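[1] give me a 3D structure for the following:
(2 chains)
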2 protein chains.
Amino acid sequence: MHGLMMDYPLTLTSILERARRVFGEREIVSRLEDGSLHRSDYAAVHARVRRLMSVLAKLGVAPTDRVGTLAWNSHRHLELYFGIPCSGAVLHTINVRLQPAQLTYIVRHAGTQVLFVDRCLVDVLKPVLGELEQVRHVVVMDDEGRGAAAGLDGALDYETLLAEASEETDFPELDERQAAGLCYTSGTTGEPKGVLYSHRSYYLHSLGSMGMDSMRVSQQDAVMPVVPMFHANAWGFPFTATFAGAKQVMPGRHLTGAALAELIETERVSLTAGVPTVWNLVLAHLRKHPRDIRSLHTMIVGGSAAPLALLRAWKEEQGVTITHAWGMTETSPVGCCSRLRTPTLAEPEDAQLLARKKQGIPVPGVEVKIEGDGGEELPADGEAVGELCVRGPWVAREYFGSDDRSAFGDDGWFHTGDVASIDPLGYVEITDRKKDLIKSRGEWISSVDMENAAMGFAGVAEAAVTAKPDELRDEVPVLWIVPEDGATVDVDALIAYLAETFAKWQLPRRENVLTIDAIPKTSVGKFDKKVLRARDTEPGSSRHQQQ
Amino acid sequence: MHGLMMDYPLTLTSILERARRVFGEREIVSRLEDGSLHRSDYAAVHARVRRLMSVLAKLGVAPTDRVGTLAWNSHRHLELYFGIPCSGAVLHTINVRLQPAQLTYIVRHAGTQVLFVDRCLVDVLKPVLGELEQVRHVVVMDDEGRGAAAGLDGALDYETLLAEASEETDFPELDERQAAGLCYTSGTTGEPKGVLYSHRSYYLHSLGSMGMDSMRVSQQDAVMPVVPMFHANAWGFPFTATFAGAKQVMPGRHLTGAALAELIETERVSLTAGVPTVWNLVLAHLRKHPRDIRSLHTMIVGGSAAPLALLRAWKEEQGVTITHAWGMTETSPVGCCSRLRTPTLAEPEDAQLLARKKQGIPVPGVEVKIEGDGGEELPADGEAVGELCVRGPWVAREYFGSDDRSAFGDDGWFHTGDVASIDPLGYVEITDRKKDLIKSRGEWISSVDMENAAMGFAGVAEAAVTAKPDELRDEVPVLWIVPEDGATVDVDALIAYLAETFAKWQLPRRENVLTIDAIPKTSVGKFDKKVLRARDTEPGSSRHQQQ
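    Prediction:
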């Protein structure tokens, strides 16, 4: 016997419809290429989405076709976020920072036939377009119909197409399990992998993200997603903010500390989200140019772990509490959020800060556990460390067009490749990527712990740790450091400093502490250890820069 | 093409499992019959739910069977809230304030075969049990195995059954659309009607209720649902609080102002919910016996409209902002919640209070509109008044075991029978029940508006307005008033007072203002206008009490 409730499909269409019906006048503010601000609202977005659906039909886009976007955060990208899936097609967001080979691989693998490109990103596409035989149309986005003048043969102009299109398009009825979006992982190992989201998973992720123990997005907010819309659905914020009816502030390609701080002040941003490096930039700017950022009540940090120093500096200097979150492309992405438990709230400020440094409690809707090497569940005692496994209605069950099911066990859990502990209050703390753990004499050394410790040493701006094969001890750590401007790091003193935290057998040898100019980063800003490891074995490597 | 996300069923089982895994130590506090407090936690609830599932199997309860509860809010009722649906059966909550004939009708109509009854409610069941042929087992709930001694032939004792049962029960895999709960409307017109909820609708309602623009339930809360668990799922709080991992405070049968105020103070209740009369009682108590209720940040009021005076008094005297909510048994029940919009937040306190008096914005997940007599959608301009229609994943599509589809149009919307306006900011304001509107000379008079106005007149404790057929003017209003203790109401002065708000043709005639001792109430505490209308036409009616 089934319940007698409505068969109401969980689709992005109903999210957009709510924004039109209740929050039509709520603003979408976008910073354009020239730095000026463009103002739109949900009524306009809804109307333009209907025109966009007419355009897609005219371009021959059929249900389930992949339609790609190469774009910064803007009102136009928001229109594509809804217009493509609400027409029945699949929104394929493409990382604009990819190397040409990866870009080619991803567009071909996805079978993407139509591309929407910001005019300022045409140069990213141009070198590879010849290899993308299946791409039938390229639509260039810029103001005042200047898109077609971007120097691409046969390129169409977004604004011209919309101006000519009919607004009288009906939204098709959709199955909630229908594919809605496609996003590729950054692939620090092997080829990038595609995650194919459904309307249902987006809807549930958005409904959950408004929750008190998750992102707390409300209609009263002005939300500024600094995390790009080409990366893990901008952590869902474009969908969630629309569902809530919040104001949205889109920073475009202007991601300097100055540009972001100015938007927070002038647009009264109340909730923002990005990776730690972004908040470092903004903090550095604010130190020199104080601004009134009292509107800001929530700053979400994810992508990689925020160092304790960053949490402390924002709290002490700006009065802003950073909220840590954890997730992956495969988890839509929100999985954990560091909302403090009541026992922690009763503790002194410093203990609270240590709890905030953890990745947090699984948000309602997501189940987590840690597994040992034998696949056994490990206790949530704050001591045991194992691979983090997750499941829930917005977690992937397989990769798009891939036979590689190694991360998807038969037990129905997704094996994240992150290594974590869970303490008795349920706080998850990621200690490493599984492949970055260093196995020495049968014991594990966490590369992340050593990096964080090294970054606490005076004069060290950045630090990364990789593993190096060793005949005696299986593996030994290699510590790569970037000194602060003008600083010289005394390696012996650094090792002595690390010895306060690490056992002697865990410490890097003197010759394995290497000074470099910058840590190589992936397209999403994470340490690219694949490149470091390769560099360590190259002849004439950075090893020679050692002092 | 479907998305490649997990086929993760949205069930109550995963809600309970989360509470066990992350919030095992979080408390469930229940006030027992003798007034003492019982302390449990989610780990214990989870373990006892597994025992309960063994008991249900032993009693021959099969999937889809209806299992009834006649109980106040308590840890045991919470166990039944999960144990029955998680076993695959249907939780049928029965209003303990029903008249015997209604109770008999509902239990027979539902086909409920097993009943769980609080020992202090056995007397409600006893008179009708002989007529409930299909009931195979009655389980009585009390402490220390005293249930079986309740004086019911063959009654079983809850605690004895649980003590003897195995905890080693597995949770069956469930389809998210499977029936999970059944609740009958109070039926102010006609027979009560059953609403059959699914696991999916409960799960989605709970996920949504944690949202910022809805009930804002968080793991940091201590939630006290004063609304009974036999009424509209206690507005979903037992499920939502468990999903969040919040502490729960169950007041049992002790619903006096003193008992509730004491629980708020001693258990540090942060979020509570009930009908306006409850908060009147608590306020009256607090005026005489001040208590530290600073833990309380959210007081949800629903069931019927809270008068402005109540909102103002709580704010000015106790510093507590009342949050209005609207819903029905058919909507699980949360439909609207009066979280203020940003333009309203910029207005003076008094204008904010007027907005708070409205029923609020539809919560994310629920769509609302108003319809005119011809079924046409009316504008959300704050002027047009029409029947409120809703749809969403936790709204009923039909009644259980009923052919009456009059409230369920072919258009996929549920027609609530409530009459409302919607203003340009999306605030919904219920002006009346459709059947309580008074049609005079082709124009409408709102009974609710006139009641609220009359209750603002000095010496009037309560007021109700009904319609009376009139040859000249179709219908005229009849105003029933209950004077405050010791007060005498001057009817002419009252009518003159009403004339400040209402047009002359809308005013009640002098002979249609009737003084009575009390307004009759339904089993859920609403004005029972059916009884009043009948009384008005009876010989020797209350009309003769007029002074």
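
[2] all helices for the stretch 351-500 of chain A, in order.
    Listed in chain order, the helices found in the stretch 351-500 of chain A under DSSP state H, counting those that start in this stretch are A:447-455, A:491-498.

[3] count of residues packed around the residue in the stretch 401-547 of chain A that chain B sits nearest to?
    For the stretch 401-547 of chain A, the residue positioned closest to chain B under CB to the nearest CB is A:G426, at a distance of 3.9 Å. All C-beta spots, glycine's among them, are computed from the backbone N, C-alpha and C. Around A:G426 there are 20 other residues, counting by other CB atoms under 10 Å in any protein chain shown.

[4] that one against A:L340, yeah?
    No - in terms of CB atoms under 8 Å, A:G426 does not count as a neighbour of A:L340; the distance is 11.1 Å.

[5] and the helix or strand that contains A:L204, what does it pack onto?
    A:L204 is part of helix A:199-209, with elements assigned from DSSP states H and E. Using 3 or more CB pairs under 8 Å, 6 or more residues apart in numbering or on different chains; DSSP states H and E as the contact criterion, the secondary-structure elements in contact with helix A:199-209 are helix A:12-23, strand A:179-184, helix A:237-244, strand A:334-337, helix B:199-209.

[6] identify the residues contacting that helix?
    The set of residues external to helix A:199-209 that reach it, using CB atoms under 8 Å, 6 or more residues apart in numbering or on different chains, is A:9-15, A:85, A:174-178, A:180-181, A:214-215, A:217, A:233, A:236-237, A:239-240, A:243, A:332, A:334, A:363-365, A:393-394, B:3, B:5, B:204, B:207-208, B:210-211, B:364-365.

[7] got it, and stretch A:490-506?
    Counting by CB under 8 Å, 6+ apart, residues outside stretch A:490-506 touching it are A:440-441, A:443, A:445, A:449-450, A:453-454, A:456-457, A:460, A:473, A:477, A:481, A:507-508, A:510, A:513, A:547.

[8] starting at the chain centroid, how far to the helix holding A:L204?
    On the basis of CA atoms, centre = their mean, to the nearest Å, helix A:199-209 sits 17 Å off its chain's mean C-alpha point.

[9] next SSE downstream of it?
    strand A:222-225.

[10] helices or strands up against that next one?
    Based on contacts counted as 3+ CB pairs under 8 Å, 6+ apart, the elements that strand A:222-225 packs against are helix A:237-244, strand A:247-250, helix A:257-266, strand A:271-274.

[11] now for those, which one comes closest to B:T160?
    Closest approach to B:T160 among these is made by helix A:237-244 (48.6 Å; CB to CB).

[12] quick one: mean pLDDT for that closest one?
    Looking at helix A:237-244 alone, the average pLDDT works out to 98.

[13] does chain B have contacts with that helix?
    Yes - counting by CB under 8 Å from any CB of the partner chain, contacts between helix A:237-244 and chain B involve A:243-244.

[14] which bits of the stretch 201-350 of chain A sit near chain B?
    Where proximity means CB under 8 Å from any CB, the interface of the stretch 201-350 of chain A facing chain B comprises A:201, A:204, A:207-208, A:210-214, A:216-220, A:243-245, A:339-342, A:345.

[15] ugh, wrong one, the stretch 351-500 of chain A
    The stretch 351-500 of chain A comes close to chain B at residues A:361-362, A:364-365, A:367, A:369, A:380, A:391-400, A:412, A:414, A:426, as judged by CB under 8 Å from any CB.

[16] mind listing what's buried along stretch A:404-411?
    Within stretch A:404-411, the residues that qualify as buried are A:407-408, counting by 16 or more other CB atoms under 10 Å in any protein chain shown.

[17] now do that stretch, average pLDDT.
    The pLDDT scores in stretch A:404-411 average 87.

[18] picking up where we left off before, deepest of the helices of the stretch 351-500 of chain A, which one?
    Greatest average neighbour count among the helices of the stretch 351-500 of chain A goes to helix A:447-455 (a mean of 21), per mean count of other CB atoms under 10 Å in any protein chain shown.

[19] report the distance from the longest helix anywhere in chain A to the chain centre.
    Criterion DSSP state H: the longest helix present in chain A is helix A:42-58. Its chain's C-alpha centre and that of helix A:42-58 lie 27 Å apart, by CA atoms, centre = their mean.

[20] on that earlier part again, and the helices and strands packed on helix A:199-209 as JSON lines, adding distance to B:P127 and mean neighbour count?
    Shown next, in JSON lines, are the helices and strands packed on helix A:199-209 (distance: least, CB to CB, whole Å; neighbours: other CB atoms under 10 Å in any protein chain shown):
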{"stretch": "helix A:12-23", "distance to B:P127": "48", "mean neighbour count": "22"}
{"stretch": "strand A:179-184", "distance to B:P127": "56", "mean neighbour count": "26"}
{"stretch": "helix A:237-244", "distance to B:P127": "50", "mean neighbour count": "28"}
{"stretch": "strand A:334-337", "distance to B:P127": "52", "mean neighbour count": "29"}
{"stretch": "helix B:199-209", "distance to B:P127": "32", "mean neighbour count": "27"}
